[in-house]
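Enquirer: have a look at this prediction, sequence included:
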Amino acid sequence: MLLSAQVQLKEQSQVRGTGVMLRCPRCFDSIGFLPPQDAASIECSTCDARLACDQGIWKMLLPERAARYSQFVQDYESIRAAEGRGSNSDEYYLALPYHDLSGRLSGQWALRARTFRYIERKIMPRFTPLAHYRLRILDLGAGNGWMSYRFAIQGHTPVAVDLLINERDGLGAAKHYEPRLPSLFPRFQAELDNLPFADSQFDVVMFNASFHYSENYEKTLAEAIRCVRGGGTVVIADTPWYRDERSGARMLEERRTLFIRRYGFPSDELNSLEFLTDQRLGALEQRFDIQWHAHSPFYGVRWHMRPLVARLRRTRKPSRFRIYSAKVVK
């Protein structure tokens, strides 16, 4: 009897060792700790929803929500494949974001690398009081998992979330990191506005080039704030910022025209808000009683000169990329 109890406690400890508490995406009740990696599913005892795990990825999209996003995912994957993203090589993924070994999107990855270096050197050190333990980081818009991998090898505990799960550009591509890690970070297919996590358990919630896909900034940020602990931080990285709404609207018109010409569809299945302005950021500050800190990484001389070049050419004002962070008080 004693031995049986000890075994049970050991098993519970191993489950708790995953460290992540889940909530049901349908009824929002707790469904316990994240099961071990070899689990096939988890069931909600309140509403009987069964959530499956397929090749290490937890499918947390409800069927009706999966249908809602299906066309967006199809269009998005089509565009990303046409751009030449992904590889069959481990080395390609392990080099990101610092080197694009394919050479197809080196300019974009150079910007992502500068953003990540800035986060590493300027933002993460702000968590000095937390240095005695690993940070639990929620990586929203994780894509192929490169940022979660970078945080994992630094000793932190990332959790990766995305809609895409394919093996070249989505969460399935994270398999390339597995040989380099003691265990692969947890991966969830979920939507930004209904995250399958219990309240107040992440130190950092990172919008990884994903916040602009939101259809409702208040709803999306509210969900992130729910998941971050008191004293934790929300970070928005690599979302375009415009000085005014008109410039952002013109950008959207130009992009739709370009996509129709290049891909045959406008890629506007979601009503994504697509960009930030000071007015939009200010409204979020008032709504959630937070204060954004704007960080401006240096993306190179050519990027820095873009506003001047646009003025000389009398074209619309270009986007800029800043990083926004806000401490959450609960």
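Expert: Perfect, thanks for sending it.
Enquirer: now do the contacts for residue 73.
Expert: Residue 73 makes contacts with 163-164, as judged by Cβ atoms under 8 Å, 6 or more residues apart in numbering. To be clear about C-beta, it is placed using only N, CA and C from the backbone, and glycine gets the same treatment.
Enquirer: give the buried residues for stretch 56-67.
Expert: For stretch 56-67, the neighbour count (16 or more other Cβ atoms under 10 Å) marks 56-62, 65 as buried.
Enquirer: which one of these is nearest to residue 233?
Expert: Distance to residue 233, by Cβ to Cβ, is smallest for residue 60 among these, at 23.6 Å.
Enquirer: need the buried residues of stretch 56-67 in CSV (columns: distance to residue 89, pLDDT and secondary structure).
Expert: Listed next are the buried residues of stretch 56-67 as CSV, based on distance: Cβ to Cβ, whole Å; pLDDT from 0 to 100; DSSP: H, G, I helix; E, B strand; the rest coil:
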residue, distance to residue 89, pLDDT, secondary structure
56, 20, 95, coil
57, 21, 97, strand
58, 26, 97, strand
59, 27, 97, strand
60, 29, 97, coil
61, 29, 96, coil
62, 35, 95, coil
65, 33, 96, helix
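Enquirer: rebuild those as a markdown table, extending it with distance to residue 313.
Expert: Formatted as a markdown table, the buried residues of stretch 56-67 follow (distance: Cβ to Cβ, whole Å):
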| residue | distance to residue 313 |
| --- | --- |
| 56 | 48 |
| 57 | 45 |
| 58 | 48 |
| 59 | 47 |
| 60 | 46 |
| 61 | 43 |
| 62 | 47 |
| 65 | 43 |
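Enquirer: sec struct for residue 230, please.
Expert: Of the three states, residue 230 takes strand under DSSP: H, G, I helix; E, B strand; the rest coil.
Enquirer: please name the nearest non-neighbouring residue to it.
Expert: Excluding the flanking residues, the one nearest residue 230 by Cβ to Cβ, 6 or more residues apart in numbering is residue 330, at 3.5 Å.
Enquirer: do you know how far that neighbour is from residue 142?
Expert: Residue 330 is 25 Å from residue 142, where distance means Cβ to Cβ, to the nearest Å.
Enquirer: can you give me the neighbour number for the residue nearest to residue 230?
Expert: 11 (other Cβ atoms under 10 Å).
Enquirer: does it really touch residue 229, like I thought?
Expert: Yes. In this structure residue 330 lies within contact range of residue 229 using Cβ atoms under 8 Å: 7.4 Å.
Enquirer: what do these two both touch?
Expert: Joint contacts of residue 330 and residue 229 (Cβ under 8 Å, 6+ apart) are residue 200.
Enquirer: contacting residues around the spatially most central residue of the chain?
Expert: The chain has residue 140 as the residue nearest its centroid, 1.9 Å off, counting by Cα atoms, centre = their mean. Contact analysis of residue 140 by Cβ under 8 Å, 6+ apart lists 161, 192, 195, 205-208, 210-211, 224.
Enquirer: restricted to strands, list the residues you listed.
Expert: Counting by DSSP state E, the contacts of residue 140 place 161, 205-208 in strands.
Enquirer: got these as TSV, with distance to residue 117 columns?
Expert: Converted to TSV, those look like this (distance: Cβ to Cβ, whole Å):
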residue	distance to residue 117
161	23
205	20
206	15
207	18
208	15
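Enquirer: circling back: bridge partners for the residue nearest to the centre of the chain, pull those for me.
Expert: When bridges are called by DSSP bridges, residue 140 pairs up with residue 161, residue 207.
Enquirer: how near is it to residue 162?
Expert: 8 Å.
Enquirer: where in the chain is pLDDT low?
Expert: Residues of the chain meeting the criterion pLDDT under 70: 1-18, 128-133.
Enquirer: where do the helices of it begin and end?
Expert: Ranges of helices in the chain, per DSSP state H, are 2-16, 63-82, 90-95, 106-118, 146-153, 217-227, 245-263, 278-288, 301-304, 306-313.
Enquirer: now, of those helices, which is deepest in the fold?
Expert: helix 146-153 (a mean of 23; mean count of other Cβ atoms under 10 Å).
Enquirer: and the angle from it to helix 106-118?
Expert: 40 degrees (axes from the mean of the first three to the mean of the last three Cα atoms, to 10 degrees).
Enquirer: how distant is helix 146-153 from the center of its chain?
Expert: 12 Å (Cα atoms, centre = their mean, to the nearest Å).
Enquirer: which other residues reach it?
Expert: If you take Cβ under 8 Å, 6+ apart as the criterion, helix 146-153 is touched by 93-94, 96-97, 116, 135, 137, 139, 142, 158-160, 174, 177, 180-181, 185, 206, 208.
Enquirer: just stretch 305-314 next, same as before
Expert: Contacts for stretch 305-314 (Cβ under 8 Å, 6+ apart): 316-318, 320.
Enquirer: equivalent analysis for stretch 104-119, please.
Expert: For stretch 104-119, the external contacting residues (Cβ under 8 Å, 6+ apart) are 83-85, 96-100, 147, 150, 209, 235, 237-238, 295, 297-300, 303, 321, 323.
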